[in-house]
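Participant: Here is a sequence with its predicted model. Questions after.
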Amino acid sequence: QGQLVESGGGLVQAGGSKTLSCADSGRTIDHHGAAWFRQAPGKEREFVATISWPGRSTYYTNSVKGRFTISRDNTKNTVSLQMNSLKPEDTAVYYCAARSFASGASRSSDDYDAWGQGTQVTVSS
């Protein structure tokens, strides 16, 4: 099992864009479902977006539909989250996750057994 490493976080103004990337040092993402979750201060971690392998199915939480896009590059074993029209309420630590034993997409954090360390995204108003 590899290690998931997120990158791309930082500070952005409301209405701006950011792209998060999740790299896999092993083969955790390869042939497996993946997702992004986020956790805002004082709140529980919540589902953001998920993608199946090889990428035919994607699902989003309602609050990011039409603004965020999850994708994967199967040649590089990476998963990305393109975030547009960012809002202050999108401020959170964003986590990449992968399912080591399944290729399907899932909204439930219980279905993921590999997690990155998280990357902070702060949206200023």
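Facilitator: Now that the structure is in, tell me what you want to look at.
Participant: going forward, measure contacts between C-alpha atoms and count neighbours the same way
Facilitator: OK.
Participant: just the helices in this protein please.
Facilitator: Remark: no helices are assigned in the chain by DSSP state H.
Participant: Which residue is the nearest non-sequential neighbour of the most centrally placed residue in it?
Facilitator: Taking Cα atoms, centre = their mean as the criterion, W36 is the residue nearest the geometric centre of the chain, at 2.3 Å. Counting by Cα to Cα, 6 or more residues apart in numbering, W36 lies nearest to C96, which is 4.7 Å off, once chain neighbours are set aside.
Participant: And for the one you found, the neighbour number?
Facilitator: Using other Cα atoms under 10 Å, C96 has 29 neighbouring residues.
Participant: That one: what's it in contact with?
Facilitator: Shown in contact with C96 (Cα atoms under 8 Å, 6 or more residues apart in numbering): 4-6, 22, 34-37, 115-116, 118.
Participant: Next, check those against the strands and list the overlap.
Facilitator: 4-6, 22, 34-37, 115 (DSSP state E).
Participant: any low-confidence regions in the chain?
Facilitator: 1-2 (pLDDT under 70).
Participant: go again using 90 as the cut-off
Facilitator: 1-3, 25-28, 100 (pLDDT under 90).
Participant: Would you state the strands of it in chain order?
Facilitator: With strands called from DSSP E, the chain shows them at 4-7, 10-13, 18-24, 34-39, 46-51, 58-60, 68-73, 78-83, 92-98, 114-115, 119-124.
Participant: Export the fourth one to PDB, keeping only CA atoms.
Facilitator: In PDB, the C-alpha atoms belonging to strand 34-39 read as follows (Å, rounded to 0.1, in the frame of the first residue of the first chain):
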ATOM      1  CA  ALA A  34     -10.800   7.500  -4.900                       C
ATOM      2  CA  ALA A  35     -12.400  10.500  -3.300                       C
ATOM      3  CA  TRP A  36     -11.800  13.900  -1.700                       C
ATOM      4  CA  PHE A  37     -13.200  14.800   1.700                       C
ATOM      5  CA  ARG A  38     -12.800  18.000   3.700                       C
ATOM      6  CA  GLN A  39     -12.900  19.100   7.300                       C
END
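Participant: what pairs with that strand, and is each one parallel or antiparallel?
Facilitator: As defined by DSSP bridges, the strand partners of strand 34-39 come to strand 46-51 (antiparallel), strand 92-98 (antiparallel).
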